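Q: Starting from these lines, generate the structure:
(one chain, ligands or ions: 2)
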Amino acid sequence: MKIGILSRNSKLYSTNSLVKAAESAGHEVHVIDYLRCHMNIASMRPSIFLGDKELTGFDAVIPRIGASRTFFGTAVVRQFEIMGVYSANESVAISRSRDKLRSLQLLARRGIGLPVTTFAHDTKATGHMIKLCGGAPIVVKLLEGTQGVGVVLAETAKAAESVIEAFRGLDANILAQEFIKEAGGADIRCLVVGDKVIASMKRQGKEGEFRSNLHRGGNAAVVKITPEERSTAVRAARIMGLSLAGVDLLRSNHGPVVMEVNSSPGLEGIEKATGKDVAGQIIKFIESSVGKVSSRTKGKG
Ligand code: ADP
Ligand code: MG
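A: Numbering: from 1, shown residues only. Ligands and ions are numbered 1, 2, ... in the order given. Model prediction:
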C-alpha cells in the first residue's frame, strides 16, 4: 500500500514510529507536511499538491494534525476523503475531538460517565455553575487547551469566581467541572484502535500537581484496566467516530469518567510504558480497513 502520514515533522517519535512500522510491513510511506499542501476543490477531479507535485495513488492517510492547526489540517484530511482515500481518522471526528464541549455533549448524549460539567457565556451564571459542580474545589478549563495548559484547579468558590471572570474577560470559552479528587492526580490513557483497547497506561502527575499530563512532568506506568473501563473507552471512541483514539479516564467514586478523547494520541509514552508495538498494530488495523470500511461521514463537514 501507499500510505501518507500527515505530519509536520518526520522526526517526531510518533511519526517516526509509524513510518518504521509501515516500512517493515512492506508499505511505501510518505510523511506529508500538510501545511505545505494546497488543494484544488474541483467537482470532477479534486486534487491535492505538495509544492508543485500532485499527491496521487495513496491508499490510506494517517492524520497527525497539531492542535493549533486543526482548521487547515482537517481540510487536507477532508480533501483526501473526497478523493476516495481511506483516512485512519475522519476529518469530522478530528474536528469534534478538538472541542471539549462538543465532545462531552456527544458523550453525554449516549450516557458515557463524565465529571459534572457546566458551560456559560454570561458570568452572572458563575455562582450557579459552581453550585452545580458540587461547590469548590472545581476545575476550570479552556475549551481548546492541550497538554494541561489552561486547566486550573480553583480551591475556593472565590478563587473559582475570579478565574472564571478573568477568562471570560478575555473572551475565552471555558468549562467549569466537578473536581474528581479521588483520582489523586492520576488518569488512565486507553489507546483505542478500531474497537479494541490495545494498550493502556496510568499517568501520575508529579508531586503536588493534579494534572497528570506527561508534558507537565507526570510519569507513566502500565496498568490493568477493568472491563468497565475498557468498554467505556471503546464506546467513547466509537461515539466520537474515531478509529484511532487516546481516551483519558479518571477513576471516580462513581466509576470511570471520561476526561477527553484525543485524535492524535502520542505513541512515545504508551509504547515505552507498555513495551507494546502500538504503531505496528495501527498499521495492521489500516491494512484490514482499507477498501472494507465504508464511512458514513466520508468527506462531509
Ligand atoms: P488537556 O487537554 O490540556 O490535557 P484535560 O482536560 O485532559 O486537558 O486536563 C488535564 C489533566 O488535568 C487531566 O489529565 C487530569 O489529570 C486533570 N484534570 C482535568 N480535569 C479534572 C477534573 N475534573 N478532576 C480531576 N482532575 C482533572
Ligand atoms: Mg488531557
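Q: going forward, measure contacts and count neighbours with C-alpha atoms only.
A: OK.
Q: near ligand 1, which residues of the stretch 1-150 of the chain show up?
A: Contact residues (CA under 6 Å from any ligand atom) of the stretch 1-150 of the chain with ligand 1: P115, V139, G145, T146, Q147, G148, V149.
Q: cutoff 5 Å now
A: Within the stretch 1-150 of the chain, the positions near ligand 1 by CA under 5 Å from any ligand atom are G145, T146, Q147, G148.
Q: So the second one: helix, strand or coil?
A: Remark: T146 carries the secondary structure label coil [criterion: DSSP: H, G, I helix; E, B strand; the rest coil].
Q: mind checking pLDDT for the residue lying closest to it once chain neighbours are set aside?
A: In this structure, T146 finds its nearest non-sequential neighbour in A67, 7.5 Å apart by CA to CA, 6 or more residues apart in numbering. We have a pLDDT of 89 for A67.
Q: gap between S212 and ligand 1?
A: Using CA to the nearest ligand atom, to the nearest Å, S212 is found at 4 Å from ligand 1.
Q: just the buried members of the residues of the stretch 1-150 of the chain next to ligand 1?
A: The neighbour count (16 or more other CA atoms under 10 Å) marks G145, T146, G148 as buried among these.
Q: which residues touch the first one?
A: Right, G145. Counting by CA atoms under 8 Å, 6 or more residues apart in numbering, G145 makes contact with V151.
Q: Does the most centrally placed residue in the chain have any beta-bridge partners, and if so which?
A: Closest residue to the average C-alpha location of the chain: N262 at 1.0 Å, with CA atoms, centre = their mean. Under the criterion DSSP bridges, N262 forms beta bridges with G246.
Q: so it touches D99, yeah?
A: No: in this structure, N262 is not within contact of D99 by CA atoms under 8 Å, at 10.3 Å.
Q: coming back round to it: any idea how many residues pack against the residue nearest to T146?
A: Using other CA atoms under 10 Å, A67 has 17 other residues around it.
Q: Mind putting the buried ones among the residues of the stretch 1-150 of the chain next to ligand 1 into CSV with distance to G185 and pLDDT?
A: Output for these, formatted as CSV (distance: CA to CA, whole Å; pLDDT from 0 to 100):
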residue, distance to G185, pLDDT
G145, 18, 76
T146, 17, 78
G148, 12, 81
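Q: now, which of these sits nearest M83?
A: Proximity of those to M83 (CA to CA) peaks at T146, which lies at 30.9 Å.
Q: now that closest one: how far from M201?
A: According to CA to CA, to the nearest Å, T146 and M201 sit 19 Å apart.
Q: helix or strand for A221, which one?
A: If you go by DSSP states H and E, A221 is part of strand 219-222.
Q: for that strand, packing partners?
A: Here strand 219-222 touches strand 196-204, helix 268-274, going by 3 or more CA pairs under 8 Å, 6 or more residues apart in numbering; DSSP states H and E.
Q: quick one, which of the ones you listed is nearest to ligand 1?
A: Nearest to ligand 1, of all these, is strand 196-204, at 7.6 Å by CA to the nearest ligand atom.
Q: What strands flank the closest one, and is each parallel or antiparallel?
A: As defined by DSSP bridges, the strand partners of strand 196-204 come to strand 186-193 (antiparallel), strand 219-222 (antiparallel).
Q: and it, how far out from the chain's middle?
A: The chain centre lies 14 Å from the centre of strand 196-204; the measure is CA atoms, centre = their mean, to the nearest Å.
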